[in-house]
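[1] Using only what follows, build the 3D model:
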Amino acid sequence: MHLSILRLGAFTLLSACLFVAAHATASQPNILLILSDDAGYADFGFQGSPEMLTPNLDKLAQQSLRFQQAYVSAATCGPSRAGLYTGKYQQRFGYEENNVPGYMSESGLTGDNMGLPLDQVTVANYLKNLGYRTALFGKWHQGDADRFHPTKRGFDEFFGFRGGARSYYELSAQQASVHPQDRLERGFGQYEKETKYLTDLLADETIRFIEHKGQQPFFAVLSFNAVHSPMEAKPEDLAKFPHLKGKRQQLAAMTLAMDEAIARVLKSLDNSGKADNTLVVFTNDNGGPSDDNHSNNYPLSGTKANHLEGGIRVPMLIRWPHNISANKQFKQPVSLLDLLPTFVDAAGGKVADLTDLDGVSLLPFIKGDNRLSADINSENSKRPHETLYWKKENRGAIRDGDWKLLRFPDRPAELYNLSNDGGESQNLAAKHPEIVKHLYQKLFQWELTLERPLWQLQRQYEGAAMQRMDKFRQPQPTKTE
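    Numbers count the residues shown, from 1 in each chain. The predicted structure follows:
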């Protein structure tokens, strides 16, 4: 079985290489994707936070197109990243749950067998075969086993850790022994000791990669573990938030450290003369887990691990000088599934022939040339997606136009009109049973196209996810005191 999968994966990758490379163009931008981890929707200055200090991201927002309704394809880290890296709904290839050893049901794959299936082509595969140098710095979370390693999934370079969360400081011998996937790794199998706070170290490595001499364009993913727990901030950053306490103070300090690290990376683009020819994206992998790191998703309801807007809607910025309008907002729904085809499009690949994707290139909607289909500030603009889907075991959600249906295992479905109720406070299911029925059927038809999950969390975690949703159902305004 494993041999068949490997052969299928090799064939798929070869097909992608031959196909995409055939459409490469001479003029290609560098591409830098910056991912924060578990950040709250409200926890940036450019998102309106009165507590968080993010002056550098605020400046980037002024230089960028800001997306008001950017969605992830899953409300937890691993599946969300699987969707981002492949441009596909990850449930199509069975990646529905977080791959966390020790938390899995024994009814599916466990341990090192969990990971991004080898027959899936990643954005790094596509861009590498369009002539790009590719690198990932930080969190991977797409499989701990060697066969799932980033350097075997299209990335030329890797500096980070294979798992989903770890300390920001040096691991103890016991920690490294119990969680070997959390060790800091350079390339393949070369493990190193941490020399400084991990957020700073990941920025250092990204800068080194950016400043490489040569004409070859680069694709770099700076995948922070900030601001995922454990809550570990630098003392000097904590001192800048004396008015905050506990985890909220830790979160603010960790966010500031990430903001300053991003500033250094962006400055390296300026200093190397590459900024004008670099497409920069900043976004987050899912909603903030308010009970874990005290993040805030206001004005959205819900948190990480559920399908309320606070679990699946994230901040997103795209900066591409002379190509995309700056300091404007795009109001229509988009998905992180769209990043792969957008990057391939920008790099000169022929996206129209990539028929197996669920994402779409955003360039026809946002690029400042004759391909711009409508005013990016018009609420009546053509949408990149009319329908978006989410699924986690018995829970599911569908957004169709402005209507959103949520399906639960322990209560009736809920219906919201997001055009005037982004906080999901007015359940309209009883008033519009015909819409509920239509969306229920449409969600089910989509589910019929999916694979069964390759692995599942132990059953009690579904109950915990529902409890978290109920606890943080109401949006929590930020406070300055």
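[2] which stretch of helix or strand covers residue 415?
    Assigned by DSSP states H and E, residue 415 belongs to strand 414-417.
[3] strand partners of that strand, parallel vs antiparallel please.
    strand 403-407 (antiparallel) (DSSP bridges).
[4] State the mean pLDDT of the very next helix or strand once past the strand holding residue 415.
    Per DSSP H and E, the first helix or strand lying C-terminal to strand 414-417 is helix 433-447. Here helix 433-447 scores 98 as its mean pLDDT.
[5] buried sites along helix 433-447?
    For helix 433-447, a neighbour-count test (16 or more other C-beta atoms under 10 Å) marks 435-436, 439-440, 443, 446 as buried. C-beta: built from backbone N, CA, C; applies to glycine.
[6] What of stretch 453-461?
    453-457, 461.
[7] Could you tell me how many residues sit around the closest residue to residue 454 other than its chain neighbours?
    Leaving out its chain neighbours, the residue that sits closest to residue 454 by C-beta to C-beta, 6 or more residues apart in numbering is residue 94, at 3.7 Å. Number of residues near residue 94 (other C-beta atoms under 10 Å) recorded here: 17.
[8] and what of residue 304?
    Counted with other C-beta under 10 Å, residue 304 comes out at 30.
[9] for residue 239, same thing?
    Around residue 239 there are 11 residues (other C-beta under 10 Å).
[10] And for residue 431?
    Neighbours of residue 431 using other C-beta under 10 Å come to 10.
[11] And it, how close does it get to residue 215?
    60 Å (C-beta to C-beta, to the nearest Å).
[12] can you check residue 62 too?
    For residue 62 relative to residue 215 (C-beta to C-beta), the value is 30 Å.
[13] Of the two, give the one with the bigger neighbour count.
    Using other C-beta under 10 Å, the more surrounded residue of residue 62 and residue 215 is residue 62, with 13 against 5.
[14] Spatially, what comes nearest to residue 182 if we skip its sequence neighbours?
    According to C-beta to C-beta, 6+ apart, the nearest residue to residue 182 is residue 166 (3.8 Å).
[15] What of residue 452?
    residue 94 is the one closest to residue 452 (C-beta to C-beta, 6+ apart), at 6.4 Å.
[16] now residue 451
    That would be residue 94: by C-beta to C-beta, 6+ apart, it lies 4.2 Å from residue 451.
[17] thinking again about what came up before, now flag whichever of the buried residues of helix 433-447 is closest to residue 101.
    residue 446 (29.9 Å; C-beta to C-beta).
[18] SS state for the nearest residue to that closest one once chain neighbours are set aside?
    Using C-beta to C-beta, 6+ apart and skipping the chain neighbours, the partner closest in space to residue 446 is residue 389 (5.1 Å). Following DSSP: H, G, I helix; E, B strand; the rest coil, the label given to residue 389 is strand.
[19] For residue 35, see how far away residue 389 is.
    Residue 389 is 22 Å from residue 35, by C-beta to C-beta.
[20] And these two? Which one has more around it.
    Per other C-beta under 10 Å, whichever of residue 389 and residue 35 has more neighbours is residue 35, with 24 against 21.
[21] Quick check: bridge partners of the more buried one?
    Beta-bridge partners of residue 35, as defined by DSSP bridges: residue 223, residue 283.
[22] Just list the residues touching it, thanks.
    81, 138-139, 221-224, 283-285 (C-beta atoms under 8 Å, 6 or more residues apart in numbering).
[23] 7 Å instead?
    The contact partners of residue 35, taken as C-beta atoms under 7 Å, 6 or more residues apart in numbering, are 221, 223-224, 283-285.
[24] between those, which is nearest residue 326?
    residue 283 (17.2 Å).
[25] farthest-separated two in the contacts of residue 35?
    Farthest-apart pair in the contacts of residue 35 is 221 and 284; separation 13.6 Å (C-beta to C-beta).
[26] Dump stretch 47-66 to CSV, restricted to CA.
    Output of stretch 47-66 as CSV, limited to C-alpha atoms (Å, rounded to 0.1, in the frame of the first residue of the first chain):
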residue,chain,number,x,y,z
GLN,A,47,-7.5,45.3,13.5
GLY,A,48,-8.4,47.9,16.1
SER,A,49,-6.7,46.6,19.3
PRO,A,50,-6.1,49.3,22.0
GLU,A,51,-3.8,46.9,23.9
MET,A,52,-1.5,45.3,21.4
LEU,A,53,1.5,47.2,20.1
THR,A,54,2.1,46.2,16.4
PRO,A,55,3.5,49.4,14.8
ASN,A,56,5.3,47.5,12.1
LEU,A,57,2.4,45.3,11.0
ASP,A,58,0.2,48.5,11.2
LYS,A,59,2.6,50.1,8.7
LEU,A,60,2.5,47.0,6.5
ALA,A,61,-1.3,47.2,6.5
GLN,A,62,-1.1,50.8,5.2
GLN,A,63,1.1,49.5,2.4
SER,A,64,-1.1,46.5,1.6
LEU,A,65,-4.5,45.5,0.4
ARG,A,66,-6.4,44.4,3.6
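[27] Give me the contact list for that stretch.
    Under C-beta under 7 Å, 6+ apart, the answer for stretch 47-66 is 41-46, 240, 244, 252, 255-256, 259-260, 262-263, 266, 282, 315, 317-319, 324-330, 366, 478, 480.
[28] Mind giving me the PyMOL select for those residues, buried ones only?
    Command for PyMOL that selects the buried part of the contacts of stretch 47-66, burial taken from 16+ other C-beta under 10 Å:
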select buried, resi 41+42+43+44+45+46+244+252+255+256+259+260+262+263+266+282+315+317+318+319+324+325+330+366+478
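[29] So which of the contacts of stretch 47-66 are in helices?
    If you go by DSSP state H, these have 252, 255-256, 259-260, 262-263, 266, 366 in helices.
[30] and of those residues, the nearest to residue 110?
    residue 255 (34.6 Å).
[31] If we ignore the residues flanking it in sequence, what's nearest that closest one?
    For residue 255, ignoring the flanking residues on the chain, the nearest one in space by C-beta to C-beta, 6+ apart is residue 52 at 5.2 Å.
[32] Contacts for the strand holding residue 415, please.
    402-406, 424, 426-429, 432, 435-436.
[33] between the residues you listed, which has the most around it?
    Result: residue 406 is most packed of those (other C-beta under 10 Å), 26 neighbours.
[34] who does that residue bridge with?
    Here residue 406 sits in beta bridges with residue 397, residue 414, as judged by DSSP bridges.
[35] which residues touch the closest residue to residue 139 other than its chain neighbours?
    Setting aside the residues directly before and after it, residue 139 is nearest to residue 223 in space (C-beta to C-beta, 6+ apart), at 4.6 Å. Residue 223 is in contact with 35, 136-139, 160, counting by C-beta under 7 Å, 6+ apart.
[36] What is the nearest of these to residue 362?
    residue 35 (17.1 Å).
[37] Stretch 306-314 spans what distance, first to last residue?
    13 Å (C-alpha to C-alpha, to the nearest Å).
[38] Residue numbering should commence at 614 henceforth.
    All right, first residue 614 from here; so that's stretch 919-927.
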